[in-house]
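Undergrad: here is a sequence with its predicted model. Questions after.
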Amino acid sequence: MAPHTEQLTRPAVRLRGLTRSFDGRTVLDGIDLDIPAGQFVALLGHSGSGKSTLLRAVAGLDHEVTGSGQLTAPARVSVVFQDSRLLPWRRVLDNVLLGTEGKEAAAKGREALAEVGLKGRERAWPNELSGGEAQRAALARSLVREPELLLADEPFGALDALTRIRMHTLLRELWERHKPSVLLVTHDVDEAIVLADRVLVLDHGRIGLDLTIDRPHPRSYRDPLLGEYRERLLAALGVTEDHK
Ligand SMILES: Nc1ncnc2c1ncn2[C@@H]1O[C@H](COP(=O)(O)OP(=O)(O)OP(=O)(O)O)[C@@H](O)[C@H]1O
């Protein structure tokens, strides 16, 4: 079947029995997961629970992962990491365009930079950007590829709290406009709840909780119903809030 026909009838991501061990230690233990096209999913879990390992497997970056059945992901996948990974010797626009081809690419790159609020910074060098701006440039670089799937590994983990909140708004807006499937790895429960429509908790190599966040956007941290989701997620993570 042609890939395009498959995309209409199948989820964007399908994992069956995904397993990964390092030196005999099982990190992912037979993960089954479907992510429908256009769904925004956050992945939570303790440090070392295997979140990045799962993301790398979906990105096709890990050739030693095994599965009893399938590991399918769309053809156009973009990955954003905690640090922007901009090449310091290339200007911002050239970083965004890296690996793209064709006459329209430059125009698309400028458009993507404008979308993330970096209009006018096309010719800046990466070291002239703040941490938040560099992550915006990384998002522009991912957008220009028109990904069907955006994989993000703690993309805001190194940013200050205010910049983080602005980036949450930006990411959600970009998602509304382009509707890729998203798999966002984070250790931040609030970030997961505010952004995602579905939150997974990875625990002992398996999906311990698969929670649909059924609240409209934009979401407010003060929404009492979000508090209930928060408690369920914290419980799944084994965190008790003693101060309550
Ligand atoms: N290349 C590797 N070689 C050996 N062990 C590895 C390798 N990659 C990951 N691991 C191990 O697999 C486990 C899961 O790592 P992973 O980075 O996926 O966790 P994580 O949930 O993303 O953690 P964090 O939140 O701290 O980033 C860890 O114990 C880690 O040491």
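TA: Nice, I can see it. Numbers count the residues shown, from 1 in each chain.

Undergrad: all contacts plus neighbour counts: C-alpha atoms, from now on.
TA: Fine.

Undergrad: beyond the worst-scoring helix or strand of the chain on mean pLDDT, next helix or strand please.
TA: Scoring the helices and strands of the chain by mean pLDDT, DSSP states H and E places helix 3-9 at the bottom, with a mean of 49. Per DSSP states H and E, the first helix or strand lying C-terminal to helix 3-9 is strand 13-22.

Undergrad: which parts of whichever helix or strand comes after that following strand are buried?
TA: Downstream of strand 13-22, the first helix or strand assigned by DSSP H and E is strand 25-35. For strand 25-35, the neighbour count (16 or more other Cα atoms under 10 Å) marks 27-33, 35 as buried.

Undergrad: quick one, strands of this protein?
TA: Applying DSSP state E to the chain gives strands spanning 13-22, 25-35, 40-45, 71-72, 77-80, 149-153, 181-185, 198-203, 206-212.

Undergrad: pLDDT of stretch 79-96, averaged?
TA: For stretch 79-96, mean pLDDT rounds to 96.

Undergrad: what sits up against it?
TA: 59, 106, 109-110, 113, 121-127, 134-135, 137-142, 144, 150-158 (Cα atoms under 8 Å, 6 or more residues apart in numbering).

Undergrad: what angle separates the lengthiest helix in the chain from strand 181-185?
TA: The longest helix of the chain (DSSP state H) is helix 161-178. If you take axes from the mean of the first three to the mean of the last three Cα atoms, to 10 degrees, helix 161-178 sits at 160 degrees to strand 181-185.

Undergrad: so what does helix 161-178 touch, helix or strand wise?
TA: In terms of contacts (3 or more Cα pairs under 8 Å, 6 or more residues apart in numbering; DSSP states H and E), helix 161-178 is packed against helix 131-143, helix 189-195.

Undergrad: so which of those helices gets nearest the ligand?
TA: helix 189-195 (12.4 Å; Cα to the nearest ligand atom).

Undergrad: count the residues that sit near residue 23.
TA: The number of residues packed around residue 23, counting by other Cα atoms under 10 Å, is 5.

Undergrad: kindly apply the preceding question to residue 65 instead.
TA: Around residue 65 there are 19 residues (other Cα under 10 Å).

Undergrad: for it, which non-adjacent residue is closest in space?
TA: residue 20 (5.0 Å; Cα to Cα, 6 or more residues apart in numbering).

Undergrad: that neighbour against residue 29, yeah?
TA: Yes: the pair residue 20 / residue 29 is scored as a contact, 6.8 Å apart, by Cα atoms under 8 Å.

Undergrad: just the buried ones from the contacts of stretch 79-96?
TA: Looks like the contacts of stretch 79-96 have 59, 106, 109-110, 113, 121-122, 125-126, 134-135, 137-142, 144, 150-157 buried, using 16+ other Cα under 10 Å.
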